[in-house]
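Colleague: from the sequence below, what's the structure:
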Amino acid sequence: MFGLGFLEVFPLVLIFVSLFGIITTNNAIKTIIYMTILNAGVITFWIILGSEYGTTTLPPIMVDDIISQTNYLERMADPLPSALMITAIVIGFAVTAVLIIILISIFRRYRSTDWRVIVPLAKKDYKGEFKPFEEDIPATPYPAKGKGPIISEYIKYPGPGLKREEKGGVK
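Modeller: As a prediction, this is how the structure comes out:
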């Protein structure tokens, strides 16, 4: 019978926790983190399924001394799953990088990482009803020559559609 041990259950827990997080979170940054965890869980699960317990698997390298051993081909690890998982790791890294770049663009346009704020503003933007902010807030904690707010002022920012006074208060 097929029994699941700790090594098979742990990646499944990672997968389901990350799926739950993706569905329930309202923060875009957390969504990207959960997607990265999901990627790691899937890769870990497939690597564990590819290993065999109780046997000593040999590396898939053909050397004359090793070929003379008996049962070498039966004990040799299959290189295809390893190659696919390395490819999946690289693709996961690239997807995460692209998602972070897209999130930076979304934040610069809508001034939020909350899906509850981004989605309605994006719908208005699609219809042509959304007007971008007049001032461009730099994405740096150190503004050039005293122009623009610093990172601590992002926290005090009242949100889309509201105006700031010169001293940082809400009108």
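
Colleague: how does this protein divide into domains?
Modeller: 6-132, 135-171 (automatic domain parsing).

Colleague: comparing those by mean pLDDT, which bottoms out?
Modeller: Lowest mean pLDDT of the domains of the chain: domain 135-171, a mean of 49.

Colleague: Ile61 - that's part of a strand, no?
Modeller: No. Ile61 sits outside any strand when classified using DSSP: H, G, I helix; E, B strand; the rest coil, being coil.

Colleague: renumber starting at 57 from here on
Modeller: Yep, numbering from 57; the last one is Ile117 now.

Colleague: what is the neighbour count of it?
Modeller: 9 (other Cβ atoms under 10 Å). Glycine gets a C-beta too; all of them are placed from N, C-alpha and C.

Colleague: before we move on, what about Arg167?
Modeller: For Arg167, using other Cβ under 10 Å, the count is 19.

Colleague: please enumerate the helices of the chain.
Modeller: 62-80, 84-106, 120-123, 128-131, 135-166, 171-183, 207-212 (DSSP state H).

Colleague: elements contacting the fifth one?
Modeller: Translated: helix 135-166. For helix 135-166, the elements it packs on are helix 84-106, helix 171-183, judged by 3 or more Cβ pairs under 8 Å, 6 or more residues apart in numbering; DSSP states H and E.
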